[in-house]
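J.: Show me how the following folds:
(chains A, B, C and D)
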Protein chains: 2
Amino acid sequence: MLRLERTEINEASPTPLYRQLAEAIRTRIRLGDIKTGDALPSERELSDAARISRVTVRRAIETLLDEGLLSRKHGSGTYVAPRIEQQAGLLSGFSSDMGNRGLRPGSVWIERGAGNPTPEEAMTLGLGIDEFVLRFARVRTADGEPLAIERAVVPARFLESPDAVGTSLYAALEAQGHRPVRGLQRIQAGLATQEEARLLSVVPHAAVLRIERRSFLADGSPIEFTRSAYRGDRYDFVTEVREPRTPDTSR
Amino acid sequence: MLRLERTEINEASPTPLYRQLAEAIRTRIRLGDIKTGDALPSERELSDAARISRVTVRRAIETLLDEGLLSRKHGSGTYVAPRIEQQAGLLSGFSSDMGNRGLRPGSVWIERGAGNPTPEEAMTLGLGIDEFVLRFARVRTADGEPLAIERAVVPARFLESPDAVGTSLYAALEAQGHRPVRGLQRIQAGLATQEEARLLSVVPHAAVLRIERRSFLADGSPIEFTRSAYRGDRYDFVTEVREPRTPDTSR
DNA sequence: CACTTCAACTGGTATTGTCGACCTCGTGAC
DNA sequence: GTCACGAGGTCGACAATACCAGTTGAAGTG
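T.: Below you'll find the model as predicted:
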């Protein structure tokens, strides 16, 4: 059985109690202290053992519910959910996506500069056509093999200069304090054009996966518009979907 | 400004207060009472006006945060987030997906029956190869035009008979009390095989979007394994991704 | 022996009270 | 006029308590 002692929680830490508790439970699960299907101690027990109020315990459990680590059953208990493989970092960039897949990411620059947006870009980024944008186009490689062509557009005000972007666009944006929190992705199947075929080292008309992504800051302003073409024979896109935690049955 | 009166909330209703409140605010936003970018009344104000405790008000706001309708700024206020187009019902079936796109869904049966799982199916559904599964294969149409081929496999114990499935597999499962809460989807680009081309009325080697989906119940047991091939020229797959509500910066 | 009942669990909702961190904007000093 | 500063407002975190609502299994009943 899981034993949780107050000792594990640091009262003075700036990290909120519910996060510390969540992390403690997360660790227990990762270490196999409590296994898939096992019941967690009841909320009241946890509350007593860690000397944390039940409300706070519930908050910790809720974050783990969101992560899919636990499942609750009213009247019965809280259980460790079976591990489902980690989803690829969706809002993360190419680099960490490749990292998750155990591939070595690389890239070759095609274009890096500033300019005015096309009408389509102006529309999706909410800009006037006379405002400035930065463009980044790269061939992305995995273990040295070309895997995708990626063309990103960012409103110029979010970055000091095009050269601020090293390997990761997201890292550069975050360094300036701009962190996208939402994204909208559109995925299509298509055939490689002549140019794409050349850049990706495939035959023309090979299958490609086209991914279009728009990212937004917390206040809703668009920060990035990226269009990519992935080799269909080497890449698949994995998403995990979850139903809302508390389905609204009243409507 | 938004005025919320206690009158809107029904004390005696079986629906929890926080959901009633969330619904009330949701309605206000939909009706344009409060517009994009506007600040919501402060939590204390809402609490006073509706005579609901602040904790409960926060819960209501949190559900709207999850839905992407609101965004909070510590020390400043809670604001109405810009409307981002509705995501397609991800865990929903073909029918409601088409509904969202304003297309009339239809289908033509190819196969409907019972049998033993293939090794691959046994693996992904967590079954023994001697247990039974039900198979459903259909050509899915939108406004009468073929759009996708869909092949679903469900462990037999979840449905009384193959005939329980009318137009919607999900509806049939839910009628038996089985509601999938999580799904894992894998999306690939490919070229249509001879048979696919025939069923979809496209030329061989046309681009197709292959989607593989596994769904799970709350307790983690796999309930469905579906493989689909969508016409690349007529379908795109849209997903919305969100960063976790409270990013853990401590790790 | 099968069946029903019910008490003692479990999680679900809601209140009141307190303190802290953060943001904004007006006031006053320079 | 510009700038630093602080007061007051906002969200963030937590405690202690109360009661409601499903679940479960053991005791009692037929």
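
J.: CA only for contacts and neighbour counts going forward, please
T.: OK.

J.: Provide a list of residues in contact with A:Leu103.
T.: For A:Leu103, the contacting residues are A:142-143, by Cα atoms under 8 Å, 6 or more residues apart in numbering or on different chains.

J.: Got phi/psi on it?
T.: The phi/psi pair for A:Leu103 (degrees, to the nearest 10) reads phi -110, psi 150.

J.: Got the confidence number for it?
T.: At A:Leu103, the model reports a pLDDT of 92.

J.: What separation do you get for it and B:Thr78?
T.: Separation of A:Leu103 from B:Thr78 (Cα to Cα, to the nearest Å) stands at 41 Å.

J.: try A:Ser107
T.: From A:Ser107 to B:Thr78 the distance is 41 Å (Cα to Cα).

J.: What does the pLDDT read for A:Asp33?
T.: For A:Asp33, the predicted pLDDT is 90.

J.: That one: helix or strand, and which one exactly?
T.: Using DSSP states H and E, A:Asp33 sits in no helix or strand.

J.: Could you check how many residues crowd around it?
T.: 14 (other Cα atoms under 10 Å in any protein chain shown).

J.: same check, this time on A:Arg151
T.: 19.

J.: what kind of secondary structure is the closest residue to it other than its chain neighbours in?
T.: Sequence neighbours aside, A:Ala137 is the residue nearest to A:Arg151 in space, at 4.3 Å (criterion: Cα to Cα, 6 or more residues apart in numbering or on different chains). With DSSP: H, G, I helix; E, B strand; the rest coil as the basis, A:Ala137 sits in strand.

J.: residue contacts, A:Ala137?
T.: Taking Cα under 8 Å, 6+ apart, one finds A:109-112, A:149-152 in contact with A:Ala137.

J.: Show only the entries of those found in strands.
T.: Secondary structure from DSSP state E places A:109-112, A:149-152 of those in strands.

J.: from the residues you listed, which two are the most distant?
T.: The most widely separated members of the ones in strands among the contacts of A:Ala137, counting by Cα to Cα, are A:Arg112 and A:Ile149 (13.7 Å).

J.: the more surrounded of those two?
T.: The neighbour comparison of A:Arg112 against A:Ile149 (other Cα under 10 Å) goes to A:Ile149, with 23 against 15.

J.: So what's the residue count around A:Ser201?
T.: 13.

J.: Looks to me like A:Pro82 is in a helix.
T.: No. A:Pro82: not assigned to a helix; according to three-state DSSP it is coil.

J.: Report pLDDT for it.
T.: 83.

J.: you'd agree it is up against B:Gly220?
T.: Yes. Counting by Cα atoms under 8 Å, A:Pro82 touches B:Gly220, with 5.5 Å between them.

J.: what about the helices in the stretch 51-200 of chain A?
T.: Ranges of helices in the stretch 51-200 of chain A, per DSSP state H, counting those that start in this stretch, are A:54-66, A:94-101, A:119-125, A:169-175, A:194-200.

J.: Packing partners of the second one?
T.: It stands for helix A:94-101. strand A:105-115 (3 or more Cα pairs under 8 Å, 6 or more residues apart in numbering or on different chains; DSSP states H and E).

J.: what angle separates the strand it packs on from helix A:94-101?
T.: 160 degrees (axes from the mean of the first three to the mean of the last three Cα atoms, to 10 degrees).

J.: Show me what strand A:105-115 is in contact with.
T.: Contacts for strand A:105-115 (Cα under 8 Å, 6+ apart): A:94-95, A:98-99, A:132-144, A:156, A:162, A:167.
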